[in-house]
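*Asks:* predicted model and sequence below, questions to follow.
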Amino acid sequence: MAAGRVASLFFWDRGIPALQVERKGGLENLLGTRQENGAIDVFEAMRNRVSASAVSYTTTPGGHSLLGIPEGEGYMMVTSPLRRFGDMIAHWQIKHALLAERDPVLFDEAWLMRMSEDLGSCELEAKRTEGRQQQFWAH
């Protein structure tokens, strides 16, 4: 999680676009019921049927409700470049920013937004396929 925060701030501080993970859902409402010590009643969470909402991508730092990251601070996935193509894109962008003498931007915002649409649809299909496979083997 720390690497995702550091990468997000690295890009933000340098004005370099990157695919930031944004997760919003019913959890925000539940967080409003926190007690003084920050605890949430587990039965309240079950009553509200709070679960992980779908991830979306943006090029500006958004919030991440499950990690408690507020809007504007940002979080991104960078720790598995061999497993997730989006992480590899972030690594290429970081490397270019560190080595470039003039323009630190390898992938511009328009390209990243087009890529985020492809990544989102591929990730959704992979999750559906995984679910069907689990159902098959469970039966």
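*Replies:* Arrived safely.

*Asks:* report the helix or strand with the lowest average pLDDT across this structure.
*Replies:* When each helix and strand of the chain is scored by mean pLDDT, DSSP states H and E, helix 27-31 comes last, with a mean of 69.

*Asks:* how about the helices in this protein?
*Replies:* 2-14, 27-31, 42-47, 85-99, 109-138 (DSSP state H).

*Asks:* of those helices, which is nearest residue 74?
*Replies:* helix 2-14 (3.5 Å; C-beta to C-beta). No exception for glycine: its C-beta is placed from N, CA and C like everyone else's.

*Asks:* angle of the closest one against helix 85-99?
*Replies:* Using axes from the mean of the first three to the mean of the last three C-alpha atoms, to 10 degrees, the direction of helix 2-14 lies 50 degrees away from that of helix 85-99.

*Asks:* got the helices of the chain as a markdown table, with mean neighbour count and distance to residue 70 columns?
*Replies:* Listed next are the helices of the chain as a markdown table, based on neighbours: other C-beta atoms under 10 Å; distance: least, C-beta to C-beta, whole Å:
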| stretch | mean neighbour count | distance to residue 70 |
| --- | --- | --- |
| helix 2-14 | 16 | 12 |
| helix 27-31 | 15 | 10 |
| helix 42-47 | 10 | 20 |
| helix 85-99 | 17 | 21 |
| helix 109-138 | 12 | 22 |
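
*Asks:* perfect, I'm done here.
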